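Q: from the sequence below, what's the structure:
(chains A, B, C and D)
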2 protein chains.
Amino acid sequence: MAGTHRTDPEADALELGAVLRALADEHRRAVMVELAADRGDSERGCHSFDLPISKQTQTHHFRVLREAGLIDEIDYGNRKGIRLRRADVERRFPGLLALLEAESVRRLDRATGD
Amino acid sequence: MAGTHRTDPEADALELGAVLRALADEHRRAVMVELAADRGDSERGCHSFDLPISKQTQTHHFRVLREAGLIDEIDYGNRKGIRLRRADVERRFPGLLALLEAESVRRLDRATGD
DNA sequence: CTTCAGGTACGACTTGCATCGTACCTGAAG
DNA sequence: CTTCAGGTACGATGCAAGTCGTACCTGAAG
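A: Purely as a prediction, here's the structure:
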(Lines give C-alpha, C1' and ligand atoms only; values in the text may rest on other atoms or scores of the structure.)
Protein backbone atom coordinates (compact mmCIF):
# COMPACT_ATOMS: atom_id res chain seq x y z
CA MET A 1 0.00 0.00 0.00
CA ALA A 2 2.85 2.34 -0.84
CA GLY A 3 1.22 3.56 -4.01
CA THR A 4 1.02 7.20 -4.97
CA HIS A 5 -2.50 8.13 -6.03
CA ARG A 6 -2.81 10.34 -9.06
CA THR A 7 -6.19 12.01 -9.24
CA ASP A 8 -6.40 14.80 -11.74
CA PRO A 9 -9.60 16.90 -11.63
CA GLU A 10 -11.59 17.45 -8.45
CA ALA A 11 -14.88 15.65 -8.12
CA ASP A 12 -17.14 18.54 -9.14
CA ALA A 13 -14.76 19.83 -11.81
CA LEU A 14 -15.32 16.96 -14.21
CA GLU A 15 -16.27 18.28 -17.62
CA LEU A 16 -18.85 16.50 -19.73
CA GLY A 17 -16.93 17.25 -22.91
CA ALA A 18 -13.74 15.65 -21.67
CA VAL A 19 -15.65 12.63 -20.37
CA LEU A 20 -17.50 12.07 -23.64
CA ARG A 21 -14.34 12.51 -25.69
CA ALA A 22 -12.68 9.94 -23.45
CA LEU A 23 -15.56 7.51 -23.86
CA ALA A 24 -15.72 8.02 -27.62
CA ASP A 25 -12.69 5.81 -28.16
CA GLU A 26 -13.44 2.12 -28.44
CA HIS A 27 -10.55 0.89 -26.30
CA ARG A 28 -11.08 3.41 -23.52
CA ARG A 29 -14.79 2.63 -23.54
CA ALA A 30 -14.02 -1.07 -23.24
CA VAL A 31 -11.98 -0.35 -20.13
CA MET A 32 -14.72 1.79 -18.62
CA VAL A 33 -17.39 -0.80 -19.43
CA GLU A 34 -15.41 -3.41 -17.51
CA LEU A 35 -14.79 -1.08 -14.60
CA ALA A 36 -18.43 -0.04 -14.41
CA ALA A 37 -19.56 -3.67 -14.42
CA ASP A 38 -17.28 -4.59 -11.51
CA ARG A 39 -19.37 -3.59 -8.52
CA GLY A 40 -16.56 -4.47 -6.16
CA ASP A 41 -14.48 -1.60 -7.54
CA SER A 42 -11.36 -3.66 -7.09
CA GLU A 43 -8.05 -2.16 -8.06
CA ARG A 44 -6.96 -3.61 -11.36
CA GLY A 45 -3.71 -3.81 -13.18
CA CYS A 46 -3.77 -2.12 -16.55
CA HIS A 47 -2.62 -5.45 -17.92
CA SER A 48 -5.94 -7.08 -17.08
CA PHE A 49 -7.95 -5.56 -19.91
CA ASP A 50 -6.38 -7.41 -22.83
CA LEU A 51 -6.23 -4.38 -25.06
CA PRO A 52 -4.88 -5.23 -28.52
CA ILE A 53 -2.54 -2.23 -28.56
CA SER A 54 1.03 -1.53 -27.58
CA LYS A 55 1.93 -0.54 -24.04
CA GLN A 56 2.81 3.01 -25.10
CA THR A 57 -0.67 3.47 -26.48
CA GLN A 58 -2.14 1.99 -23.31
CA THR A 59 -0.23 4.57 -21.29
CA HIS A 60 -1.79 7.23 -23.49
CA HIS A 61 -5.34 5.93 -23.07
CA PHE A 62 -5.12 5.57 -19.28
CA ARG A 63 -3.76 9.10 -19.11
CA VAL A 64 -6.78 10.38 -21.04
CA LEU A 65 -9.14 8.53 -18.70
CA ARG A 66 -7.34 9.95 -15.67
CA GLU A 67 -7.31 13.50 -17.00
CA ALA A 68 -11.02 13.21 -17.73
CA GLY A 69 -11.50 12.32 -14.06
CA LEU A 70 -12.86 8.84 -14.64
CA ILE A 71 -10.13 6.78 -13.00
CA ASP A 72 -7.31 6.97 -10.48
CA GLU A 73 -3.87 5.72 -11.29
CA ILE A 74 -1.93 4.29 -8.38
CA ASP A 75 1.79 4.40 -9.07
CA TYR A 76 3.89 1.69 -7.45
CA GLY A 77 6.98 2.79 -9.32
CA ASN A 78 7.31 -0.52 -10.95
CA ARG A 79 3.67 -1.31 -11.56
CA LYS A 80 0.50 0.66 -11.84
CA GLY A 81 -3.00 0.23 -10.51
CA ILE A 82 -6.27 1.40 -12.02
CA ARG A 83 -9.36 2.22 -10.00
CA LEU A 84 -12.69 3.63 -11.10
CA ARG A 85 -13.70 6.88 -9.39
CA ARG A 86 -17.22 5.56 -9.02
CA ALA A 87 -18.45 7.90 -6.30
CA ASP A 88 -17.19 11.04 -8.01
CA VAL A 89 -18.44 10.04 -11.44
CA GLU A 90 -21.81 8.97 -10.09
CA ARG A 91 -22.26 12.23 -8.19
CA ARG A 92 -21.30 14.43 -11.12
CA PHE A 93 -22.93 12.35 -13.89
CA PRO A 94 -25.63 10.20 -12.30
CA GLY A 95 -26.61 7.36 -14.60
CA LEU A 96 -23.50 7.41 -16.75
CA LEU A 97 -21.96 4.31 -15.20
CA ALA A 98 -25.29 2.53 -15.49
CA LEU A 99 -25.19 3.12 -19.23
CA LEU A 100 -21.72 1.58 -19.42
CA GLU A 101 -22.77 -1.34 -17.25
CA ALA A 102 -25.75 -1.96 -19.51
CA GLU A 103 -23.33 -2.07 -22.41
CA SER A 104 -21.40 -4.76 -20.58
CA VAL A 105 -24.53 -6.88 -20.27
CA ARG A 106 -25.25 -6.32 -23.95
CA ARG A 107 -21.79 -7.54 -24.87
CA LEU A 108 -22.14 -10.65 -22.75
CA ASP A 109 -25.47 -11.41 -24.41
CA ARG A 110 -23.85 -11.12 -27.80
CA ALA A 111 -21.03 -13.41 -26.70
CA THR A 112 -23.22 -16.25 -25.39
CA GLY A 113 -26.39 -16.39 -27.43
CA ASP A 114 -27.58 -13.88 -29.98
CA MET B 1 -47.18 18.28 -42.99
CA ALA B 2 -45.69 17.17 -46.28
CA GLY B 3 -42.28 16.48 -44.77
CA THR B 4 -40.38 13.29 -45.41
CA HIS B 5 -39.06 11.82 -42.20
CA ARG B 6 -35.54 10.48 -42.29
CA THR B 7 -34.87 8.11 -39.44
CA ASP B 8 -31.74 6.11 -39.81
CA PRO B 9 -31.22 3.31 -37.25
CA GLU B 10 -34.11 1.47 -35.64
CA ALA B 11 -34.84 2.23 -32.02
CA ASP B 12 -33.06 -0.79 -30.53
CA ALA B 13 -30.19 -0.67 -33.02
CA LEU B 14 -28.62 2.47 -31.63
CA GLU B 15 -24.95 1.89 -30.89
CA LEU B 16 -23.34 3.42 -27.85
CA GLY B 17 -20.12 4.07 -29.73
CA ALA B 18 -21.79 6.07 -32.46
CA VAL B 19 -23.81 8.03 -29.89
CA LEU B 20 -20.76 8.90 -27.81
CA ARG B 21 -18.75 9.86 -30.87
CA ALA B 22 -21.61 12.10 -31.93
CA LEU B 23 -21.80 13.72 -28.50
CA ALA B 24 -18.05 14.19 -28.28
CA ASP B 25 -18.16 17.16 -30.62
CA GLU B 26 -18.84 20.47 -28.96
CA HIS B 27 -21.30 21.79 -31.54
CA ARG B 28 -23.29 18.59 -31.81
CA ARG B 29 -23.42 18.36 -28.03
CA ALA B 30 -24.71 21.94 -27.86
CA VAL B 31 -27.54 20.97 -30.17
CA MET B 32 -28.37 17.89 -28.14
CA VAL B 33 -28.25 19.81 -24.87
CA GLU B 34 -30.80 22.26 -26.22
CA LEU B 35 -33.01 19.50 -27.55
CA ALA B 36 -32.85 17.55 -24.30
CA ALA B 37 -33.79 20.62 -22.30
CA ASP B 38 -36.87 21.32 -24.42
CA ARG B 39 -39.46 19.08 -22.82
CA GLY B 40 -42.00 20.05 -25.44
CA ASP B 41 -39.95 18.25 -28.09
CA SER B 42 -41.00 20.85 -30.62
CA GLU B 43 -39.71 20.53 -34.14
CA ARG B 44 -36.94 23.01 -34.66
CA GLY B 45 -35.29 24.51 -37.69
CA CYS B 46 -31.62 23.78 -37.90
CA HIS B 47 -31.20 27.53 -38.12
CA SER B 48 -32.38 27.99 -34.53
CA PHE B 49 -29.21 26.80 -32.83
CA ASP B 50 -26.92 29.70 -33.75
CA LEU B 51 -23.99 27.48 -34.54
CA PRO B 52 -20.90 29.53 -35.46
CA ILE B 53 -20.09 27.33 -38.46
CA SER B 54 -20.90 27.26 -42.15
CA LYS B 55 -24.05 25.64 -43.48
CA GLN B 56 -22.10 22.82 -45.11
CA THR B 57 -20.59 21.91 -41.76
CA GLN B 58 -24.03 22.10 -40.16
CA THR B 59 -25.31 19.65 -42.74
CA HIS B 60 -22.46 17.34 -41.76
CA HIS B 61 -23.18 17.57 -38.02
CA PHE B 62 -26.91 16.97 -38.34
CA ARG B 63 -26.17 13.99 -40.53
CA VAL B 64 -23.93 12.54 -37.83
CA LEU B 65 -26.63 13.06 -35.21
CA ARG B 66 -29.21 11.40 -37.46
CA GLU B 67 -26.99 8.44 -38.32
CA ALA B 68 -26.31 7.97 -34.63
CA GLY B 69 -30.06 7.73 -34.13
CA LEU B 70 -30.40 10.78 -31.91
CA ILE B 71 -32.57 12.96 -34.12
CA ASP B 72 -34.99 12.84 -37.01
CA GLU B 73 -34.60 15.08 -39.98
CA ILE B 74 -37.81 16.14 -41.67
CA ASP B 75 -37.19 17.14 -45.25
CA TYR B 76 -39.50 19.76 -46.72
CA GLY B 77 -37.45 19.96 -49.87
CA ASN B 78 -36.72 23.57 -49.36
CA ARG B 79 -36.29 23.57 -45.59
CA LYS B 80 -35.47 21.02 -42.96
CA GLY B 81 -36.82 20.23 -39.54
CA ILE B 82 -34.99 18.70 -36.56
CA ARG B 83 -36.69 16.62 -33.87
CA LEU B 84 -35.19 14.74 -30.95
CA ARG B 85 -35.95 11.00 -30.87
CA ARG B 86 -36.61 11.26 -27.15
CA ALA B 87 -38.58 8.06 -26.70
CA ASP B 88 -36.13 5.90 -28.63
CA VAL B 89 -33.06 7.39 -27.00
CA GLU B 90 -34.58 7.17 -23.55
CA ARG B 91 -35.55 3.54 -24.05
CA ARG B 92 -32.17 2.50 -25.36
CA PHE B 93 -30.01 4.72 -23.14
CA PRO B 94 -32.05 5.62 -20.06
CA GLY B 95 -30.57 8.60 -18.27
CA LEU B 96 -28.54 9.92 -21.18
CA LEU B 97 -30.88 12.79 -21.96
CA ALA B 98 -31.00 13.68 -18.28
CA LEU B 99 -27.24 14.11 -18.34
CA LEU B 100 -27.51 16.48 -21.26
CA GLU B 101 -30.36 18.37 -19.64
CA ALA B 102 -28.28 18.76 -16.49
CA GLU B 103 -25.56 20.23 -18.64
CA SER B 104 -28.06 22.77 -19.93
CA VAL B 105 -28.86 23.85 -16.37
CA ARG B 106 -25.15 24.09 -15.61
CA ARG B 107 -24.65 26.37 -18.59
CA LEU B 108 -27.50 28.62 -17.56
CA ASP B 109 -26.03 28.88 -14.05
CA ARG B 110 -22.73 29.92 -15.52
CA ALA B 111 -24.45 32.52 -17.70
CA THR B 112 -26.42 34.23 -14.93
CA GLY B 113 -24.46 34.10 -11.72
CA ASP B 114 -21.27 32.16 -11.12
C1' DC C 1 26.18 -6.44 -9.94
C1' DT C 2 22.94 -8.09 -14.17
C1' DT C 3 18.60 -9.22 -16.03
C1' DC C 4 13.93 -8.51 -17.00
C1' DA C 5 9.08 -6.89 -16.97
C1' DG C 6 6.11 -2.91 -16.44
C1' DG C 7 5.76 1.82 -17.43
C1' DT C 8 6.93 6.42 -19.32
C1' DA C 9 8.87 10.20 -22.52
C1' DC C 10 9.62 11.79 -26.97
C1' DG C 11 9.05 11.86 -31.73
C1' DA C 12 7.23 10.30 -36.16
C1' DC C 13 3.58 8.50 -38.80
C1' DT C 14 -1.12 7.93 -40.17
C1' DT C 15 -5.88 8.05 -39.77
C1' DG C 16 -10.09 10.40 -38.71
C1' DC C 17 -12.69 14.29 -38.78
C1' DA C 18 -14.18 19.17 -38.50
C1' DT C 19 -14.17 22.84 -41.67
C1' DC C 20 -14.94 25.28 -45.80
C1' DG C 21 -15.00 26.48 -51.20
C1' DT C 22 -17.32 25.54 -55.22
C1' DA C 23 -21.07 23.88 -57.56
C1' DC C 24 -25.68 22.27 -57.78
C1' DC C 25 -30.59 21.30 -56.35
C1' DT C 26 -35.20 22.61 -54.41
C1' DG C 27 -39.15 25.45 -53.61
C1' DA C 28 -41.13 29.98 -52.81
C1' DA C 29 -41.66 34.79 -54.06
C1' DG C 30 -41.62 38.59 -57.60
C1' DC D 1 -39.30 33.12 -66.52
C1' DT D 2 -35.61 35.05 -62.74
C1' DT D 3 -34.08 35.61 -58.16
C1' DC D 4 -32.94 34.11 -53.71
C1' DA D 5 -32.53 31.47 -49.34
C1' DG D 6 -32.00 26.91 -47.41
C1' DG D 7 -29.83 22.65 -48.10
C1' DT D 8 -26.84 19.08 -50.18
C1' DA D 9 -22.76 16.81 -52.77
C1' DC D 10 -18.02 16.59 -53.59
C1' DG D 11 -13.38 17.61 -52.92
C1' DA D 12 -9.51 19.82 -50.52
C1' DT D 13 -7.35 21.26 -46.34
C1' DG D 14 -5.77 21.56 -41.74
C1' DC D 15 -5.62 19.87 -37.25
C1' DA D 16 -6.45 16.64 -33.51
C1' DA D 17 -5.66 12.19 -32.00
C1' DG D 18 -4.53 7.03 -32.09
C1' DT D 19 -0.59 4.27 -32.88
C1' DC D 20 4.01 2.66 -32.55
C1' DG D 21 9.50 2.74 -32.51
C1' DT D 22 13.27 3.95 -29.82
C1' DA D 23 15.20 5.06 -25.66
C1' DC D 24 15.06 5.42 -20.81
C1' DC D 25 13.51 4.75 -15.87
C1' DT D 26 12.01 1.91 -11.86
C1' DG D 27 11.85 -1.97 -8.82
C1' DA D 28 12.06 -6.94 -8.14
C1' DA D 29 14.41 -11.33 -8.83
C1' DG D 30 18.73 -14.14 -9.60
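
Q: roughly how far does the residue nearest to A:Ser104 when sequence neighbours are not counted sit from chain B?
A: For A:Ser104, ignoring the flanking residues on the chain, the nearest one in space by CB to CB, 6 or more residues apart in numbering or on different chains is A:Ala37 at 3.8 Å. For glycine as for every other residue, the C-beta is placed from the backbone atoms N, C-alpha and C. Look at A:Ala37 and chain B: by CB to the nearest CB, to the nearest Å, they are 14 Å apart.

Q: what's the local residue count around A:Ala37?
A: Residues within reach of A:Ala37, counting by other CB atoms under 10 Å in any protein chain shown, total 16.

Q: for it, report the pLDDT, please.
A: A:Ala37 carries a pLDDT value of 97.

Q: same deal with the one 10 residues further on?
A: At A:His47 the predicted local distance difference test score is 93.

Q: where do the helices sit along chain A?
A: Counting by DSSP state H, chain A has helices at residues A:16-24, A:26-37, A:55-68, A:86-92, A:96-112.

Q: which one of the ones you listed lies closest to A:His5?
A: Nearest to A:His5, of all those, is helix A:55-68, at 10.5 Å by CB to CB.

Q: what number of residues lie near A:Leu16?
A: 19.

Q: isn't it up against B:Leu99?
A: Yes. With contact defined as CB atoms under 8 Å, A:Leu16 reaches B:Leu99; the gap is 7.2 Å.

Q: which residues do the two both contact?
A: A:Phe93 (CB atoms under 8 Å, 6 or more residues apart in numbering or on different chains).

Q: quick one: stretch A:14-32 near DNA strand C?
A: No. Stretch A:14-32 lies apart from DNA strand C when judged by CB under 7 Å from any atom of the strand; the minimum separation is 8.2 Å.

Q: quick one, what contacts A:Leu100?
A: A:Leu23, A:Arg29, A:Met32, A:Val33, A:Leu35, A:Ala36, A:Ala37.

Q: of all of chain A, which residue lies closest to chain B?
A: A:Gly95 (2.9 Å; CB to the nearest CB).

Q: and the pLDDT at that residue?
A: pLDDT at A:Gly95 comes out at 98.

Q: where are the low-confidence patches of chain A?
A: A:1-2, A:114 (pLDDT under 70).

Q: hmm, try it at 50
A: Across chain A, nothing is flagged by pLDDT under 50.

Q: quick one on the thing from earlier: residues contacting the residue of chain A closest to chain B?
A: With CB under 8 Å, 6+ apart, A:Gly95 has these contacts: B:Pro94, B:Gly95, B:Leu96, B:Ala98, B:Leu99.

Q: show me what A:Arg44 bridges to in the sheet.
A: Following DSSP bridges, A:Arg44 is listed with bridge partners A:Ile82.

Q: can you get me a residue count around it?
A: Neighbour count for A:Arg44, taken as other CB under 10 Å: 18.

Q: was I right to think it contacts A:Ile82?
A: Yes. If you go by CB under 8 Å, A:Arg44 and A:Ile82 touch, sitting 5.0 Å apart.
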